[in-house]
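S.K.: output the structure for:
(one chain, ligands or ions: 1)
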Amino acid sequence: MRFEVSRVLDAIEARLTLDPALARAVVDLAELVRLADLDRDAGRAASLLRLGHVLDALGRHLAEDGVAVYVVVARSLLSDVDLSSNERMVVRRWADDGLVEVLATEAMAGSGADPADRVLEVAELLAVPVLSRRRFPEYAQRYRWLPRGLLAPAAAGLSTVGEGLPGPAGTPVLTRVWRCPEPACAGFGAPAAAGGSAPITPAGGQPPPRLRAAAPTCPRHGTRLTDAGPRPPARVLAVRVDGAVRGRFAVREAAPVRVGRFPAGADGAGGAGSVVTLGPLLSEEAGRWISRSHLRLELRGAALVVTDTSTNGTSVRTPGGPVPLHTGQAYGLGDDDVIELYQGVELGRPTRFQGGAARPASVMADAPTVSIRLPR
Ligand SMILES: [Zn+2]
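M.R.: Have a look, this model is predicted:
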């Protein structure tokens, strides 16, 4: 089978995140690219496409489409000649765009240049599994939860090494925003000054700092981070279409999210905040019913508020019965409420929708999933 490598890499790119609210697993890219038996035609010592196979396996494991991973990149991989020059260029671009985390050489010095040091730390801070064939016996003293939370990639999928997740999550470092002294740091940059460039990562979606000797440190630069105040809270919602979860997104204070058939073009150029584009997932009937920009979600304090911006209206299913919303009407969502844009097209807390995607779309086939554009 031949496939368009650049399209597969684009599909993989859409699944990369350093956002603690959205990452579902953490990987050491240098390990994954060398798992040669993941390819049917395993000719190459290293291949970036193996990340795609592992993403597909994670989707099947979670029975969910569009699952995102936190990718840790050893700096040496950026010059690894076992990857093609195009693949090295792609990984560098991902790093510059803040989609993957490149480790500082200096930060690795004390640990024999092993990215596992950071991978296990991220797994613990985010309480997500590690996708790896390693068992990490050398880290068993430091991370008492091992081998819990390890999922081993194999050609047939992922096998559970230890039951359960690493933990505990919810550490205080994830309640603060951190700043790196390095100019234009992709993960911990300062907000735009006059004439300066905006940070790539929105403050609320910042990756977790490294905790070296309990001092928050930039994973990329090895520099000490300073505390820039409280991190805006996030609420994660899942998109379910015809019974299958097709993606997740986060809503944060002062960053409204517009959801619809094609919300990017709905109110002219630009527009603040993120957009969730459902168009490619919709049946013809659903596509006719759902407006280009159908609704807006905002976090106001602790309240997640949905405002209808559609032609045909929105329904909120609540424990007390359905609540219809028409253009301009707002409603504060309860934890168990489900927003219905059209029959079978729903938004709700991920715990309300368990999986349901029996055969999740493959990144290798560039199948459509929810498209989420973050503000830049
Ligand atoms: Zn930095």
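S.K.: what stretches of the stretch 251-376 of the chain score poorly on pLDDT?
M.R.: Low-confidence segments of the stretch 251-376 of the chain, defined by pLDDT under 70: 265-273, 355, 357-358, 366-376.
S.K.: and the strands in it?
M.R.: Counting by DSSP state E, counting those that start in this stretch, one finds strands in the stretch 251-376 of the chain at the ranges 257-260, 274-277, 295-300, 303-308, 314-318, 321-325, 330-333, 338-342, 345-348, 371-373.
S.K.: most packed of those strands?
M.R.: Most buried of those, by mean neighbour count (mean count of other CB atoms under 10 Å): strand 257-260, with a mean of 26. For glycine as for every other residue, the C-beta is placed from the backbone atoms N, C-alpha and C.
S.K.: distance to Met364 for the strands of the stretch 251-376 of the chain - can I get that in CSV?
M.R.: Formatted as CSV, these follow (distance: least, CB to CB, whole Å):
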stretch, distance to Met364
strand 257-260, 27
strand 274-277, 22
strand 295-300, 32
strand 303-308, 35
strand 314-318, 35
strand 321-325, 39
strand 330-333, 36
strand 338-342, 29
strand 345-348, 26
strand 371-373, 18
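S.K.: return the residues in contact with the spatially closest residue to Arg148 that is not a sequence neighbour.
M.R.: Closest residue to Arg148 apart from its sequence neighbours, by CB to CB, 6 or more residues apart in numbering: Gly162 at 4.0 Å. By CB atoms under 8 Å, 6 or more residues apart in numbering, the contact set of Gly162 is Leu146, Pro147, Arg148, Gly149, Leu150.
S.K.: go again using 10 Å as the cut-off
M.R.: Pro129, Arg135, Trp145, Leu146, Pro147, Arg148, Gly149, Leu150, Leu151 (CB atoms under 10 Å, 6 or more residues apart in numbering).
S.K.: now Leu150
M.R.: 120, 123, 129-136, 158-162, 166 are the contacts of Leu150 under CB under 10 Å, 6+ apart.
S.K.: now, which of those lie close to the ion?
M.R.: Counting by CB under 5 Å from the ion, nothing from the contacts of Leu150 sits close to the ion.
S.K.: list just the nearest of these to Asp97.
M.R.: Leu131 (21.7 Å; CB to CB).
S.K.: now the closest one: how far from Leu304?
M.R.: 31 Å (CB to CB, to the nearest Å).
S.K.: can I assume Ala116 is in contact with Asp28?
M.R.: Yes: the pair Ala116 / Asp28 is scored as a contact, 6.4 Å apart, by CB atoms under 10 Å.
S.K.: which two in the contacts of Leu150 are spaced the farthest apart?
M.R.: Leu120 and Ser159 (18.8 Å).
S.K.: of the two, which one has the most company?
M.R.: For Leu120 versus Ser159, neighbours defined as other CB atoms under 10 Å are more numerous around Leu120 (26 against 13).
S.K.: near the ion, which residues of this protein show up?
M.R.: Residues of the chain lying near the ion (CB under 5 Å from the ion): Cys180, Glu182, Cys185, Phe188, Cys218, Arg220, His221.
S.K.: which helix or which strand is home to the residue nearest to Arg148?
M.R.: Take DSSP states H and E as the rule and Gly162 turns out to sit in neither a helix nor a strand.
S.K.: one more: Phe249?
M.R.: Using DSSP H and E, Phe249 falls in strand 244-252.
S.K.: tell me what angle that strand forms with strand 303-308.
M.R.: 110 degrees (axes from the mean of the first three to the mean of the last three CA atoms, to 10 degrees).
S.K.: chain center to strand 244-252: distance?
M.R.: Here strand 244-252 is found 10 Å from its chain centre; the criterion is CA atoms, centre = their mean, to the nearest Å.
S.K.: next, the angle from that strand to strand 295-300.
M.R.: 40 degrees.
S.K.: circling back: closest one to Ala95 among the strands of the stretch 251-376 of the chain?
M.R.: It's strand 371-373; of those, that one is closest to Ala95 (CB to CB) at 20.0 Å.
S.K.: same list, the contacts of Gly162, but as TSV with pLDDT, secondary structure and distance to Val73 please.
M.R.: Converted to TSV, those look like this (pLDDT from 0 to 100; DSSP: H, G, I helix; E, B strand; the rest coil; distance: CB to CB, whole Å):
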residue	pLDDT	secondary structure	distance to Val73
Pro129	95	coil	19
Arg135	94	coil	22
Trp145	92	coil	24
Leu146	93	coil	22
Pro147	91	coil	24
Arg148	91	coil	25
Gly149	92	coil	21
Leu150	95	strand	20
Leu151	94	strand	19
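S.K.: what pLDDT, on average, does stretch 235-248 get?
M.R.: For stretch 235-248, mean pLDDT is 93.
S.K.: next: stretch 63-81.
M.R.: Average pLDDT, stretch 63-81: 94.
S.K.: any idea how far apart the tips of that stretch sit?
M.R.: Length of stretch 63-81, first residue to last, CA to CA, to the nearest Å: 35 Å.
S.K.: okay, buried residues for that stretch please.
M.R.: Across stretch 63-81, burial judged by 16 or more other CB atoms under 10 Å covers 63-75, 77, 80.
S.K.: closest to the ion out of these?
M.R.: Using CB to the ion, Arg75 is the member of the buried residues of stretch 63-81 that lies nearest the ion, at 13.3 Å.
S.K.: what sits against the closest residue to that closest one other than its chain neighbours?
M.R.: With CB to CB, 6+ apart as the criterion, Arg75 has its nearest non-adjacent residue at 5.3 Å, and that residue is Thr105. Shown in contact with Thr105 (CB under 10 Å, 6+ apart): Ala74, Arg75, Ser76, Ala113, Gly222.
S.K.: hang on, isn't the third one packed against Ala30?
M.R.: Pointing back at Ser76 there. Yes: Ser76 lies in contact with Ala30 (CB under 10 Å); the separation is 7.2 Å.
S.K.: between the two, what contacts are shared?
M.R.: By CB under 10 Å, 6+ apart, the residues touching both Ser76 and Ala30 are Leu103, Pro115.
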